[in-house]
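>>> Just to be clear, the model below is a prediction. Sequence and coordinates:
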Amino acid sequence: MSTAPRRVENLHTDKGKVPVYATGIVEQPWDDYSAADHATWATLYARQRGVLAGRASAQFLQAQDAMGMNPRAIPRFRDLNAVLGRATGWELVGVEGLLPELDFFDHLANRRFPVTWWIRRPDQIDYIEEPDLFHDLFGHVPLLMNPVFADYMQAYGRGGVKAHGIGPEALQNLTRLYWYTVEFGLIREAGALRIYGAGIVSSSGESVYAMESAAPNRIGFDLERIMRTRYRIDSYQKTYFVIDSFAQLMDATRPDFTPIYARLAGQPAIPAGEVLDTDRVLHRGTGEGWPDDADT
Ligand SMILES: C[C@H](O)[C@H](O)[C@H]1CNc2nc(N)[nH]c(=O)c2N1
Ligand SMILES: N[C@@H](Cc1ccccc1)C(=O)O
Ligand SMILES: [Fe+2]
């Protein structure tokens, strides 16, 4: 079977028969995965679990085990859903890939996490531009087992629907929060720095870089600061933000963001690698090896 995205005919949607890109929901074509697809999963799974020992959050690793993920085969969403539903009420739904933002937020707001059904080709083992099954399932899904993080993701979805209604600047502020927490967040666990961001845990190179490199800044979590901070989509991050707990993340993001968006409107964005006087700096990056073109 080709692992490239393709249209899938049997759609499960409450809107009847509609094009897949309008709803994004597809049934996982599990029987169609090839031996090469399962081998890609196995290779990536084994390699990442090796890299993540002592680097990833213990909460993440334990949740991954509790879900029953293993290197032997690409998991069935249905099997994971049985465990996940019992733990936190979240449900995985298969999608072709990136969804329109509002569709994505709507899923999260309803405790549905969209998972790309296809896995990268063998020649894309080390790097793929768009999220695939490995990134979504291995990276994002385990922490949905954590009740606090599960609530954070739903609150984020609701906040996304709201920000979408306010305007593009509010949406950009909120997207930066997702980037620097859900995708590239670090956490202090039992006094030690650990990874919880899905973009890091699904990348062997960035897992080592985020933890051990002297190049990036590591700065204490600061909501409004993050909302103003640009980011890179094409290289390792120049700055990581560190939370003390998922409860801290939840508490800091509980207030209504509407007045925050208003306050931030018109304020200049902060370049991805910049350190401010007001930052709680855990490590000031050397900036070694950073690309010198403009951040996103
Ligand atoms: C969260 C962020 O705003 C981003 O633009 C969204 C858009 N659509 C998406 N769609 C899927 N399937 N998965 C994602 O992670 C995202 N991210
Ligand atoms: N409190 C936020 C919602 C939110 C919660 C958690 C994460 C992100 C956003 C708002 O009013 O928009
Ligand atoms: Fe992601």
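Sure, I can see it. Ligands and ions are numbered 1, 2, ... in the order given.

>>> can you give me the strands in this protein?
Using DSSP state E, the strands of the chain run over 91-95, 112-116, 186-189, 192-195, 217-220, 239-243, 281-283.

>>> hmm, the second one touching ligand 1?
Yes - using Cβ under 6 Å from any ligand atom as the criterion, contacts between strand 112-116 and ligand 1 involve residue 114. Where C-beta positions appear, they are placed from N, C-alpha and C, glycine not excepted.

>>> same check, this time on the first one
Yes - with Cβ under 6 Å from any ligand atom as the criterion, ligand 1 is reached by strand 91-95 at residue 95.

>>> quick check: angle from that strand to strand 112-116?
Using axes from the mean of the first three to the mean of the last three Cα atoms, to 10 degrees, the inter-axis angle of strand 91-95 relative to strand 112-116 is 40 degrees.

>>> by contact count, what packs against strand 91-95?
Other elements packing on strand 91-95 under the criterion 3 or more Cβ pairs under 8 Å, 6 or more residues apart in numbering; DSSP states H and E are helix 77-88, strand 112-116.

>>> Compile these into a markdown table and extend it with columns for mean neighbour count, distance to residue 132 and mean pLDDT.
Formatted as a markdown table, those follow (neighbours: other Cβ atoms under 10 Å; distance: least, Cβ to Cβ, whole Å; pLDDT from 0 to 100):
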| stretch | mean neighbour count | distance to residue 132 | mean pLDDT |
| --- | --- | --- | --- |
| helix 77-88 | 16 | 14 | 98 |
| strand 112-116 | 21 | 5 | 97 |
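
>>> Redo these as JSON lines? Include distance to ligand 2.
Output for those, formatted as JSON lines (distance: least, Cβ to the nearest ligand atom, whole Å):
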{"stretch": "helix 77-88", "distance to ligand 2": "16"}
{"stretch": "strand 112-116", "distance to ligand 2": "15"}
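
>>> can you put the ones you listed in JSON lines and add distance to residue 259?
Formatted as JSON lines, those follow (distance: least, Cβ to Cβ, whole Å):
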{"stretch": "helix 77-88", "distance to residue 259": "30"}
{"stretch": "strand 112-116", "distance to residue 259": "29"}
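
>>> what does the model give the residue at minimal distance from the centre of the chain for pLDDT?
For the chain, the residue nearest the mean C-alpha position is residue 183 (3.6 Å; Cα atoms, centre = their mean). The pLDDT attached to residue 183 in the predicted structure is 97.

>>> so how far is ligand 1 from it?
Residue 183 is 8 Å from ligand 1, where distance means Cβ to the nearest ligand atom, to the nearest Å.

>>> nearest residue to that residue other than its sequence neighbours?
Nearest residue to residue 183, sequence neighbours excluded (Cβ to Cβ, 6 or more residues apart in numbering): residue 199, at 3.9 Å.

>>> Ok, which of the helices and strands packed on strand 91-95 comes nearest residue 251?
helix 77-88 (18.7 Å; Cβ to Cβ).

>>> How far off centre is the closest one?
Put simply, helix 77-88 sits 19 Å off its chain's centre (Cα atoms, centre = their mean, to the nearest Å).

>>> Just name whatever secondary elements that helix is in contact with.
Applying 3+ Cβ pairs under 8 Å, 6+ apart, we find helix 77-88 packed against helix 58-67, strand 91-95, helix 147-166.

>>> and of the ones you listed, who's closest to ligand 2?
Among the helices and strands packed on helix 77-88, helix 147-166 comes nearest to ligand 2, with 2.7 Å by Cβ to the nearest ligand atom.

>>> Return the residues of this protein in contact with ligand 1.
95, 98, 99, 101, 104, 114, 131, 175, 178.

>>> Out of the residues you listed, name the ones that lie in helices.
Using DSSP state H, the members of the residues of the chain next to ligand 1 that fall in helices are 101, 104, 175, 178.

>>> show me what contacts the closest residue to the second one other than its chain neighbours?
The reference is to residue 104. Spatially, and ignoring its direct neighbours in sequence, residue 104 is nearest to residue 114 (6.6 Å; Cβ to Cβ, 6+ apart). By Cβ atoms under 8 Å, 6 or more residues apart in numbering, the contact set of residue 114 is 24, 92, 93, 94, 95, 99, 104, 107, 136.

>>> just residue 204 next, same as before
Residue 204 neighbours (Cβ under 8 Å, 6+ apart): 47, 48, 51, 126.

>>> who wins for most neighbours among these?
residue 48 (22 neighbours; other Cβ atoms under 10 Å).

>>> What parts of this protein come near ligand 2?
With Cβ under 6 Å from any ligand atom as the criterion, the chain meets ligand 2 at residues 152, 155, 156, 159, 162, 177, 253, 254, 255, 256, 257.
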